[in-house]
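Trainee: sequence first, predicted model second:
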Amino acid sequence: MAKLYRLVGAAGMCIRAFGVTVGVRVNDAGTLVSLSNRIPPGSRRVAARRVDRLYSFYVNRAKRRRGLRQFHTLYCDHLILHRSENEADLYEEFEKDVDSYVASTSTAGFFVHAGVVGWKGRAIVIPGRSYSGKTTLVAEFLRRGATYYSDEFAVFDRRGFVHPFSRLLGVRMDSTDQQLRKAASEFGSATGLLPLPVALVILTEYKKSASWNPQAISAGRGVLGLLANSLAARSNPERAFGILTKATQKSCILLGVRGEANEVVRHIQREFSVLSGSGKMSFGWGRNIHD
Amino acid sequence: MIKQINPLKPKRIDALTREFHDELLVYDGEKHKAHCLNKTAAVVWLACSGDATAPEIAKKLEGYFHSSDDTLVRLSVAKLRKAGLLENSDIVFDSRESLNRRDLLKRVRALAVVALPVVVTLLVPMPAAAASCFALLHTCSSSAQCCSGHCGLSGIKLVCLP
C-alpha cells in the first residue's frame, strides 16, 4: 500500500456521499478535473482522516513508444479494479463502482434500483431490474414536463422521502445495446433538488406489444415490490421495512406490464390528481384502470 | 422420510414483523424471504403458537370469523405452510386435512364477511441482483457487484467469477 501511495501522491480528494466517505488519489492533478462529473450525485468534498474506500488512479503520461502498450490503472484500496489503454474506461469503471459501493453501504440513505421523476411536488418511483425499461419511461415522463430525479437509484431518507440521484440518463441504443448519456435538459426537463414524498410507485416491465392495463395493489405488496429492488434489505430488514412503509404510506401502487412508454405516461398524467394537503393519491380508478 | 402429523398444531416461525395498514409484513431472516399477509392470514399466523389445532384456533378466532367453522383457518394454515411461515413446513400432512377448492368455496360462501387468506412471498435479492450487476470477468471490487455473486482474484485483478 505504501508503494501505491508513493505512486499516486500528486493530488487527492475526499468526498462524502449519503454517509459514505470515499478517498481518491491520483498521480496527475488533471485527473481530478476529469473525475468531477463522475463522483456520486449529492456528494460533497470533505476533509477526512479516514475513508471507507480509497481509489487510486495511475494515469500513464509517459511518451508513447513504438511496440509498447501503455496502460492506465485504477486501484480500489490495494487491489487493481481496472487496467486499460483507454483512460476514459477508468472513469467509467470508477463511476460504476463508487455508485454501487455507496448504494450498498450507505447508512444515511436507503437505495432502491429505480427511476424517479418529480411531478406536481411529489415523486413517481419506477423500480425495476436492468433492461426492464426504467430509463425509457423516465425519459418519456421528462418529455412531458416531469422533473428529473434519477434513472438508476431512488434514495429514500428516514422519513420515506426520495432524494435526487441525478446522473446523466443512460439511454440504451437498440442496435448496439450501448448506453448513450443524455442530460435531462435534452428532454426539456429540469433536475429536481428537494426531497419529495412518494405519490406513485409503478411496478412494471416492458413487453413488446403489451398494453398498459395496470391494477392498483395494496401498500404492503408495494413494499415487497420495492424490497425486490433494494440493495441493503438483507443486511438490515428492520430499517428497510421502516423506511419503505413510510415511503408508501400515502402512495398509490400500480402493477402491470407495459407496451410503449408514451401510453403509460399519457394515462398517468390524465389520471394523476393530488388531493390537497397530505391526502392519499387519487387516480380515479379502483382495481383496474380500464374499469 | 415423510412424517405424518395429526393433530395439526401449527407454530409460526420467528420472524421480523411490521403491521402496515390492514396487512402484516413478515421478514424471515433465515431464508431472506419477505411476506405480505392480508388480515385473515395475519390473524391466523399470529394465532399459530404451536399449542392449538386448527379447530381450536378457529374457536379462538370465532369473533373475527363470525363462526367457529375451521375451514378458513385450515386454508390459511395451508397457505402459510406453503410460504414457509410455519415451523416444519416441509412436513406433509395427512391428505384428509387438505381441502378441495370446490368444497372450500361452498363452505366459505357462508362466511363471506371475511376475506380469503392471501400470502405474497418474495425472495429478497442480494445487492448485486437488485442493482445493475457486472457480467463474468468484468472487473469488480466486491462480490455484491457481480451477477454471479462472486468477485475474486484472477491474476492481479479482481474480476467477477462464476
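Mentor: Received the coordinates, thanks. Quantities reported herein were computed from a predicted structural model and do not represent experimental measurements.
Trainee: what's the nearest residue to whatever residue of chain B ends up closest to chain A if we skip its chain neighbours?
Mentor: Going by Cβ to the nearest Cβ, chain A is nearest to residue B:23 of chain B, at 3.6 Å. Using the backbone N, CA and C atoms, a C-beta is placed for each residue, glycine as well. Using Cβ to Cβ, 6 or more residues apart in numbering or on different chains and skipping the chain neighbours, the partner closest in space to residue B:23 is residue A:220 (3.6 Å).
Trainee: for the one you found, grab phi and psi.
Mentor: Main-chain dihedrals, residue A:220, degrees, to the nearest 10: phi -60, psi -40.
Trainee: report the contact partners of it.
Mentor: By Cβ atoms under 8 Å, 6 or more residues apart in numbering or on different chains, the contact set of residue A:220 is B:20, B:21, B:23, B:24, B:25, B:36, B:120.
Trainee: which of the residues you listed sit farthest apart?
Mentor: B:21 and B:120 (14.0 Å; Cβ to Cβ).
Trainee: which one of those two is surrounded by more residues?
Mentor: Neighbour totals were compared for residue B:21 and residue B:120, and residue B:120 leads with 18 against 12 (other Cβ atoms under 10 Å in any protein chain shown).
Trainee: the one helix or strand in chain B whose mean pLDDT sits lowest: what's the following helix or strand?
Mentor: Sorted by mean pLDDT, DSSP states H and E, the helices and strands of chain B end with helix B:127-130, the least confident at a mean of 63. Downstream of helix B:127-130, the first helix or strand assigned by DSSP states H and E is strand B:151-154.
Trainee: each with direction, which strands does that next one pair with?
Mentor: strand B:157-160 (antiparallel) (DSSP bridges).
Trainee: and the strand it pairs with, C-alpha only, in PDB?
Mentor: What follows is strand B:157-160, C-alpha atoms only, in PDB (Å, rounded to 0.1, in the frame of the first residue of the first chain):
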ATOM      1  CA  LYS B 157      -7.100  -8.200 -11.000                       C
ATOM      2  CA  LEU B 158     -10.400  -8.700  -9.200                       C
ATOM      3  CA  VAL B 159     -13.000  -9.900 -11.600                       C
ATOM      4  CA  CYS B 160     -16.500 -11.500 -11.400                       C
END
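Trainee: returning to what we had before: distance of the residue nearest to residue B:23 from residue B:43?
Mentor: 15 Å (Cβ to Cβ, to the nearest Å).
Trainee: cool, residue A:57 as well?
Mentor: 59 Å.
Trainee: what of residue A:26?
Mentor: Distance from residue A:26 to residue B:43, by Cβ to Cβ: 61 Å.
Trainee: and the gap between the residue nearest to residue A:106 when sequence neighbours are not counted and residue A:211?
Mentor: Using Cβ to Cβ, 6+ apart and skipping the chain neighbours, the partner closest in space to residue A:106 is residue A:18 (4.1 Å). Distance, residue A:18 to residue A:211, using Cβ to Cβ: 38 Å.
Trainee: quick one: contacts for residue A:76?
Mentor: A:53, A:54, A:55, A:97, B:141, B:158.
Trainee: backbone phi and psi for it, please?
Mentor: Torsion angles, degrees, to the nearest 10, at residue A:76: phi -120, psi 120.
Trainee: list the beta-bridge partners for it.
Mentor: Per DSSP bridges, the residues bridged to residue A:76 are residue A:55, residue A:79.
Trainee: buried ones in the helix or strand containing residue A:92?
Mentor: Assessed by DSSP H and E, residue A:92 sits inside helix A:87-105. By neighbour count on 16 or more other Cβ atoms under 10 Å in any protein chain shown, the buried set for helix A:87-105 is A:90-91, A:93-105.
Trainee: check stretch B:15-25 too.
Mentor: B:15, B:17, B:18, B:20, B:23, B:24, B:25.
Trainee: what's the answer for stretch B:37-57, then?
Mentor: Under 16+ other Cβ under 10 Å, the buried positions of stretch B:37-57 are B:37-45, B:47-48, B:52-54, B:56-57.
Trainee: try stretch B:57-68
Mentor: Across stretch B:57-68, burial judged by 16+ other Cβ under 10 Å covers B:57, B:58, B:60, B:61, B:64, B:65, B:67.
Trainee: helix, strand or coil for the residue nearest to residue B:47 when sequence neighbours are not counted?
Mentor: Leaving out its chain neighbours, the residue that sits closest to residue B:47 by Cβ to Cβ, 6+ apart is residue B:57, at 4.8 Å. Look at residue B:57: counting by DSSP: H, G, I helix; E, B strand; the rest coil, its state is helix.
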